[in-house]
Structures are given as structure tokens and as C-alpha cells.
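Visitor: Sequence first, predicted coordinates after that:
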Amino acid sequence: MTVVYEEEIARICSRVRELRKEKRLTVQELAYRCDMERSNLSRIEAGRTNLTIKTICTICNALEVGFRDLVCP
């Protein structure tokens, strides 16, 4: 099995957006909870930035979801 980085990042970023909307949060509200700029979160949701494990954990905490809820299909 081959893991394709670009596909995985796109899936995770899409999941961030999906969970944010399920929680009825704006990009600004989630960015505030993550202690990051709105523009940075927008880039994450668009898949235009490289996510670190630390950033993923920060987003999970802000969304009140587990790591697997965000990264596992």
C-alpha cells in the first residue's frame, strides 16, 4: 500500500473544514481557539500548508475531537 502525501493532506484538511462546520464554528472562531491567525487556518483548510503533528493536535483540541477522528478515514 502506498501513502500519497498530497492525498492524505487534502483529506485531513477537508476533514478539518467538515468538523468545523459540524461544530458551527467560523474560521475566525476556530483560529482563535487554536491561537493562530485566521489566514493560517484558511490555508490549512485549503490544503495549502504543511501540517505538523503539533498543529493537528492543536486543531483536535480546539474542535474537541480525538486525533483519529481527524486523521483516520
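Guide: Arrived safely.
Visitor: just checking, what packs against the lengthiest helix in the chain?
Guide: Secondary structure of the chain per DSSP state H: the longest helix is helix 5-22. Packing partners of helix 5-22 (3 or more C-beta pairs under 8 Å, 6 or more residues apart in numbering; DSSP states H and E): helix 38-46, helix 53-63, helix 67-71. C-beta: built from backbone N, CA, C; applies to glycine.
Visitor: And the pLDDT for the most centrally placed residue in the chain?
Guide: The structure's the chain has its C-alpha centroid closest to residue 16; by C-alpha atoms, centre = their mean the separation is 3.6 Å. Predicted confidence (pLDDT) for residue 16: 97.
Visitor: Can you give me the distance of it to residue 1?
Guide: 24 Å (C-beta to C-beta, to the nearest Å).
Visitor: and residue 63, how many neighbours does it have?
Guide: 20 (other C-beta atoms under 10 Å).
Visitor: swap in residue 44?
Guide: 25.
Visitor: separation between residue 60 and residue 73?
Guide: Distance of residue 60 to residue 73, computed by C-beta to C-beta: 16 Å.
Visitor: quick revisit: my guess is the residue nearest to the centre of the chain contacts residue 71, does it?
Guide: No: in this structure residue 16 lies outside contact range of residue 71 using C-beta atoms under 8 Å: 10.1 Å.
Visitor: correct me, but residue 40 touches residue 51?
Guide: No: Residue 40 is beyond contact range of residue 51, at 10.8 Å (criterion: C-beta under 8 Å).
Visitor: ok, residue 30 touching residue 40?
Guide: No: taking contacts as C-beta under 8 Å, residue 30 lies outside contact range of residue 40: 10.8 Å.
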